[in-house]
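K.L.:
Show me the folded form of this:
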Amino acid sequence: MNKRYPFDPSFKHHLLIAAGLTIWVFAFLFFTEPLDVGELTDKEKILYLPVYGLFNSACYVLTLPFQYWWWRKQKQKWSLTAELLQLGLLTATCFLVSRLVYYYIVMDAHPNAYTLGYFATHIYMPAIATILPIIAIGRWSFGKYKEKQLEDKKIEIQGAGSYEGLRLHLSDLICIQSADNYVEVAYLVQGEVKKQLIRNKLSEVESNRPELIRTHRSFLVNPTHFIQWKTGNRKLFMMLSSDLEVPVSKTYQQAVEAAVNSTTE
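P.N.:
Now for the predicted structure:
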């Protein structure tokens, strides 16, 4: 249940899902005619039925703060459990709002209005069973699209020959250190520093990844992770994200300072 689940944090895309929900609820009510809809004229249907769609769409938007709060709480991870919680919250919220709209707006608290139990079992549950899968498919589709976009933006630190490399986002890459016939890549995974050895030469990585700058014969760094300069024993060091420290030799100092200034401007 805690397995990673496709998720798109784009608020704009969730507004599109809400707009689609408005249309779908209207179409469902118009063509299936529950809630005594069949007794309404076509003009009355067009006048009143969009109210249900708009209120349910508003419910979807109102549940988004919980979604984003949970997403941040889980360090920007989204799981099947989180998705089910979100859909459960949406189901409960929509039921409450739909009942209030039906009873107080459509029926004007008429004594012959459907009871709460009948409304839940015979009206709302069949409706939500039809509507909820559409919402789930829309959320999943946007999530998969977002994952594909992120995957396409990844770079690869290649291994020599047939040796395995490492795919990651450039923004997660902090620095690379030479280690004999290997390079050690320091990078972030959900805010935590990870390190991986890859069989390759630092010079080969440097030629393939011009975004990185050489600070020392044994180090390449991603200048976007620069925090501050540090000196000690008449030597210059760069402090990077997660308290990583790399030396800066005089040979590369001028180029490094120019790259850092360009990045931080």
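
K.L.:
Listing request: residues of this structure with sub-threshold pLDDT.
P.N.:
1, 33-40, 264-265 (pLDDT under 70).

K.L.:
pull the longest helix from it.
P.N.:
Scanning the chain for the longest helix, with DSSP state H as the assignment, gives helix 42-73.

K.L.:
Tell me the buried residues in it?
P.N.:
45, 48-60, 63-64, 67, 70-71 (16 or more other C-beta atoms under 10 Å). C-beta coordinates here come from the backbone N, C-alpha and C atoms, glycine included.

K.L.:
gap between residue 17 and residue 127?
P.N.:
17 Å (C-beta to C-beta, to the nearest Å).

K.L.:
ranges for the helices of this structure?
P.N.:
Going by DSSP H, the chain shows helices at 11-32, 42-73, 80-100, 116-118, 125-152, 202-208, 250-264.

K.L.:
Serialize these to JSON lines and add fields for distance to residue 232.
P.N.:
Putting those into JSON lines (distance: least, C-beta to C-beta, whole Å) gives the following:
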{"stretch": "helix 11-32", "distance to residue 232": "46"}
{"stretch": "helix 42-73", "distance to residue 232": "37"}
{"stretch": "helix 80-100", "distance to residue 232": "46"}
{"stretch": "helix 116-118", "distance to residue 232": "72"}
{"stretch": "helix 125-152", "distance to residue 232": "39"}
{"stretch": "helix 202-208", "distance to residue 232": "24"}
{"stretch": "helix 250-264", "distance to residue 232": "15"}
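
K.L.:
and residue 167, which of those helices is closest to it?
P.N.:
Across the helices of the chain, residue 167 has its closest neighbour in helix 125-152 (8.2 Å, C-beta to C-beta).

K.L.:
Next, the buried residues of that closest one.
P.N.:
In helix 125-152, counting by 16+ other C-beta under 10 Å, buried: 127-128, 131, 135, 138-139, 142-143, 146.

K.L.:
And stretch 22-30, by the same measure?
P.N.:
22, 24-26, 28-30.

K.L.:
same check, this time on stretch 172-182
P.N.:
172-178, 182.

K.L.:
among those residues, which are in strands?
P.N.:
Here DSSP state E is the test, and these give 173-178, 182 as lying in strands.

K.L.:
Between these, which sits nearest residue 222?
P.N.:
residue 173 (5.0 Å).

K.L.:
what bridges to that closest one?
P.N.:
residue 187 (DSSP bridges).

K.L.:
who's in contact with residue 199?
P.N.:
159-161, 163, 181-182 (C-beta atoms under 8 Å, 6 or more residues apart in numbering).

K.L.:
and the two most separated of the residues you listed?
P.N.:
Counting by C-beta to C-beta, the most remote pair of the contacts of residue 199 is 161 and 182, 13.0 Å apart.

K.L.:
From what I see, residue 50 and residue 24 are in contact.
P.N.:
No - contact criterion C-beta atoms under 8 Å: residue 50 and residue 24 do not qualify, at 11.7 Å.

K.L.:
ok, residue 230 to residue 105 distance?
P.N.:
66 Å.

K.L.:
Show me which pair in the buried residues of helix 125-152 is furthest apart.
P.N.:
Longest span within these, C-beta to C-beta: 127 and 146, 28.9 Å.

K.L.:
Let me see the contact set for residue 251.
P.N.:
Residue 251 neighbours (C-beta under 8 Å, 6+ apart): none.

K.L.:
Repeat that for residue 120.
P.N.:
Per C-beta under 8 Å, 6+ apart, neighbours of residue 120: 95, 99.

K.L.:
how near is it to residue 26?
P.N.:
21 Å.

K.L.:
try residue 155
P.N.:
Taking C-beta to C-beta, one finds residue 155 at 46 Å from residue 26.

K.L.:
if we can go back for a sec, now for the buried residues of stretch 22-30: which two are most distant?
P.N.:
Most distant of those, by C-beta to C-beta, are 22 and 30, 12.4 Å apart.

K.L.:
For those two, list the residues in contact with both.
P.N.:
With C-beta under 8 Å, 6+ apart, residue 22 and residue 30 have no common neighbours.
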